[in-house]
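Participant: turn this into a model:
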Amino acid sequence: MRISFDLDDTLFVAEEDGFTLEPPLGFPWNKLYHERLRKGTIELMRRLREAGCEIWVYTTSFRTPFYIRSLFKHYGIRIDSIVNGARHEKEVQAEHKDPMPSKYPAHYRIDLHVDDDRSVYQNGQYYGFRVFQIGPPDDEWVDKIMAQVGKIKAAP
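Facilitator: Got it, this is the predicted structure:
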């Protein structure tokens, strides 16, 4: 099973927005990587790996795959593939004259995309791809995503 995650306001969150965070990276990495992970991200990624899932990042940001992969590596998380704004534009939008949604996980055979953006959720309903919309701080978000993974795996 392939699962992708948005970054900003999904995995990368801010304490001032009420989120509990994973511990910061140590020096010097904390000077290079300013983003902070939502508490539970490390546990979730471990559980997904144990469940045999591929872990992708699908973001509209133009952060480089090297930057994203390196940041997660310092947290002990291996990312299988990254779709950033440039890759999406080249591989998804380039084929279409009309504007495509900002994310189109079906193009990459992603089984579940996790995102905070309501419009991505609505696009999923319209275009037929699965989106789990994650909202504000939620201590049960890891279990909710794992439950979704379980439902998808159990479906015929």
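Participant: would you check that residue 85 makes contact with residue 57?
Facilitator: No - in this structure, residue 85 is not within contact of residue 57 by C-beta atoms under 8 Å, at 11.6 Å. Heads up, the C-betas are built off the backbone N, CA and C, glycines and all.
Participant: for these two, indicate the residue with more neighbours.
Facilitator: Ranked by neighbour count (other C-beta atoms under 10 Å), residue 85 and residue 57 place residue 57 first, with 23 against 15.
Participant: buried residues, the lengthiest helix in the chain. List them.
Facilitator: Using DSSP state H, we find that the single longest helix of the chain is helix 141-154. Using 16 or more other C-beta atoms under 10 Å as the test for burial, helix 141-154 gives 141, 142, 145, 146, 148, 149.
Participant: which of those residues lies closest to residue 1?
Facilitator: residue 149 (6.6 Å; C-beta to C-beta).
Participant: ok, the closest one touching residue 3?
Facilitator: Yes - if you go by C-beta under 8 Å, residue 149 and residue 3 touch, sitting 6.7 Å apart.
Participant: one step back: how about JSON lines for the buried residues of helix 141-154, with pLDDT added?
Facilitator: Output for the buried residues of helix 141-154, formatted as JSON lines (pLDDT from 0 to 100):
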{"residue": "141", "pLDDT": "97"}
{"residue": "142", "pLDDT": "98"}
{"residue": "145", "pLDDT": "98"}
{"residue": "146", "pLDDT": "98"}
{"residue": "148", "pLDDT": "97"}
{"residue": "149", "pLDDT": "97"}
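Participant: just checking, residue 1 touches residue 152?
Facilitator: Yes - contact between residue 1 and residue 152 holds when scored by C-beta under 8 Å: they sit 6.5 Å apart.
Participant: re earlier: which neighbours do residue 149 and residue 3 share?
Facilitator: Residues within reach of residue 149 and of residue 3 at once, by C-beta atoms under 8 Å, 6 or more residues apart in numbering, are 48, 53, 112.
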